[in-house]
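> just coords:
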C-alpha cells in the first residue's frame, strides 16, 4: 500500500483598507462638480446631492453592507437559476450500435427534461477524441475534470454494456444483459452517481430490449442526482478554493520521508471483489485519500480514482477498518492525509482437486483392465469321429 503525506504551510496576508479615503476624495470632487452646475436647475443639484450623501464616509458602512447583501443575493440566484445544466453523453463501451447512449440522448432532449441541455452528439464525440479519451470507465478526478473541460459541459455520462450467455446446464442456457452508468461532475471530476442494471431472457434480443427499458426508467434518477449536485456547488466551491497541501509519496530513501515517520499498519486487509464487478469482468484501480489521525483512528476518506460496480464502497470500507500506529514527527504523534491504492482483478476460478478413489473402485478398474488386456477365451469344441 502506497502512502502519501500532506505537507505545507498556510499563509494569510493583511493590508490596510484605504477605501474610505478614496470615497472621501470622490465625494469632494462630486461636491465641487455640484457647485459648478447648480445654476442649471434644482433637479440636477438634487441628484448630485443624493450621490454625495451616499458616498459620504459617514454612510460608507451602510453602502458596503448594501453591496455585500446584493452580492450574496446575486450569487445565490445565479447558482440556483443557471438552467439548464449542460450535459454530455459519451458513447458506451460495449454498445456497438449506440442504442443505449442514443436512448439517454433522446431522453435528455425529450419534453420534461428541461433541467438539462444536451450537448451536440457529434461535437461531444470530436471533443472526446481530441482529449484522447479511450473509453475508460476507471478515471481519476483529475482525468475526469480534464475530460469535462474538453467537452465543455457541467456533467457527463459514461457507460459499459455487456450481453452474454450464461449456462445453466449442458443443454440449458439464458442471456443476461448488464449496464453500468457513470454520472460524473465535470467541475470536480467526482462520481456523482453510479447505476447498475441487470436483465435476463431466453433470447439475446429480448434481454437487450429489457435492459433498454430498465435504463430508460432510471433516467429520472440520473436527472435528480445531477440537479442535487448542482445545488451543492456553492459549498463545494468554497471547500475547493481552499489551499490544498501537496501530496508527497513516501518511498524508501526519500529525503522528504526523514521528517515524518510513516504510520505502521498492524494488518493487511483486502477489499472484497463485488458481485457486480464479477458479472462484468471488471479490472480496475481505486485510489482514496484518507486521514490517519494522531489518535490511531481513520478520519475522512475520499475517493480520488473511482471504478463503480461497488468497488469504491468496498475500498472505502476496508480503509476505515485499518488499525495502525500513528505517524510521528519530532517524537510526537501527528495526523496525516495519505493516499491508499487498491487494485481489483477478477479472481481466478478455483480448481477442485480430484478425490482419491476408494479401494473397491481401484479393484474394479484393475479387473476391467485385465479383461481388456487378457480377453476370455471360449472353449474349443472337438469334432466327433
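Nice, thanks for sending it over. These numbers were taken from a predicted model, which means no experiment stands behind them.

> Please enumerate the helices of the stretch 201-350 of the chain.
204-217, 219-231, 233-240, 275-280, 311-320 (DSSP state H, counting those that start in this stretch).

> In a markdown table: those, plus distance to residue 103 and mean neighbour count.
Where you see a C-beta, it was placed from the backbone N, CA and C, and this is true even at glycine. What follows is the helices of the stretch 201-350 of the chain, written out as a markdown table (distance: least, CB to CB, whole Å; neighbours: other CB atoms under 10 Å):
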| stretch | distance to residue 103 | mean neighbour count |
| --- | --- | --- |
| helix 204-217 | 6 | 16 |
| helix 219-231 | 8 | 16 |
| helix 233-240 | 28 | 12 |
| helix 275-280 | 19 | 17 |
| helix 311-320 | 25 | 19 |
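
> Identify whichever of those helices lies nearest to residue 337.
The minimum distance between residue 337 and the helices of the stretch 201-350 of the chain falls on helix 311-320, with 12.2 Å, by CB to CB.

> circling back: mean pLDDT lowest for which of the helices of the stretch 201-350 of the chain?
Lowest mean pLDDT within the helices of the stretch 201-350 of the chain: helix 233-240, at a mean of 62.

> can you list the helices of the stretch 201-350 of the chain in a markdown table and add distance to residue 289?
Listed next are those as a markdown table, based on distance: least, CB to CB, whole Å:
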| stretch | distance to residue 289 |
| --- | --- |
| helix 204-217 | 32 |
| helix 219-231 | 20 |
| helix 233-240 | 13 |
| helix 275-280 | 22 |
| helix 311-320 | 10 |
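
> Relative to residue 331, how far out is residue 261?
In this view, residue 261 and residue 331 are 9 Å apart by CB to CB, to the nearest Å.

> So the two - more neighbours on which side?
More crowded of residue 261 and residue 331, by other CB atoms under 10 Å: residue 261, with 17 against 6.

> Is that one in contact with residue 328, as I believe?
Yes - judged on CB atoms under 8 Å, residue 261 makes contact with residue 328 at a distance of 4.3 Å.

> Just the buried residues of stretch 323-335, please?
324, 326-327, 334 (16 or more other CB atoms under 10 Å).

> ignore the last one, stretch 286-301
286-290, 292-293, 298, 301.

> do the same with stretch 332-348
Across stretch 332-348, burial judged by 16+ other CB under 10 Å covers 334, 336-340, 342, 344.

> related to what we said a few turns ago, export the buried residues of stretch 323-335 to TSV and tack on distance to residue 186 and pLDDT?
Conversion of those to TSV gives the following (distance: CB to CB, whole Å; pLDDT from 0 to 100):
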residue	distance to residue 186	pLDDT
324	35	93
326	37	92
327	35	91
334	35	90
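
> What are the boundaries of the strands in the stretch 51-200 of the chain?
In the stretch 51-200 of the chain, the strands defined using DSSP state E, counting those that start in this stretch lie at 85-89, 116-118, 155-167, 173-185, 191-201.

> Dump the buried residues of stretch 286-301 into JSON lines; add distance to residue 86 and pLDDT as well.
Shown next, in JSON lines, are the buried residues of stretch 286-301 (distance: CB to CB, whole Å; pLDDT from 0 to 100):
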{"residue": "286", "distance to residue 86": "28", "pLDDT": "97"}
{"residue": "287", "distance to residue 86": "28", "pLDDT": "97"}
{"residue": "288", "distance to residue 86": "29", "pLDDT": "96"}
{"residue": "289", "distance to residue 86": "28", "pLDDT": "94"}
{"residue": "290", "distance to residue 86": "33", "pLDDT": "93"}
{"residue": "292", "distance to residue 86": "38", "pLDDT": "92"}
{"residue": "293", "distance to residue 86": "40", "pLDDT": "91"}
{"residue": "298", "distance to residue 86": "37", "pLDDT": "94"}
{"residue": "301", "distance to residue 86": "30", "pLDDT": "95"}
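
> Just these: which are in strands?
Those of these mapping onto strands are 286-290, 292, 298, 301, per DSSP state E.

> export those to CSV and tack on distance to residue 227?
Listed next are these as CSV, based on distance: CB to CB, whole Å:
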residue, distance to residue 227
286, 27
287, 28
288, 27
289, 27
290, 30
292, 35
298, 32
301, 26
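
> which regions of the stretch 101-250 of the chain lie under the pLDDT threshold?
Within the stretch 101-250 of the chain, the stretches with pLDDT under 70 are 234-250.

> just the buried residues of stretch 323-335 now: which is nearest residue 127?
Nearest member of the buried residues of stretch 323-335 to residue 127, counting by CB to CB, is residue 327, at 42.8 Å.

> beta partners of that closest one?
Legend: beta-bridge partners of residue 327 under DSSP bridges are residue 334.

> Could you do residue 157 as well?
Applying DSSP bridges to residue 157, the residues it is bridged with are residue 89, residue 183.

> From residue 101, how far off is it?
8 Å.

> Likewise for residue 83?
From residue 83 to residue 101 the distance is 24 Å (CB to CB).

> which of those two has more neighbours?
residue 101 (21 against 11).

> how close does that one get to residue 95?
Counting by CB to CB, the gap from residue 101 to residue 95 is 6 Å.

> what residues do these two have in common as contacts?
Residues touching both residue 101 and residue 95 (CB atoms under 8 Å, 6 or more residues apart in numbering): residue 159.

> And for residue 149, the neighbour number?
Residue 149 - counted by other CB under 10 Å - has 14 other residues nearby.

> Excluding sequence neighbours, find me the nearest residue to it.
residue 186 (6.8 Å; CB to CB, 6 or more residues apart in numbering).

> Quick check on that neighbour: phi, psi?
phi -70, psi -30 (degrees, to the nearest 10).

> List the residues that contact it.
Residue 186 touches 144-145, 147-149, 151, 153-156, counting by CB under 8 Å, 6+ apart.

> give me that answer again for 6 Å
148, 153-154 (CB atoms under 6 Å, 6 or more residues apart in numbering).
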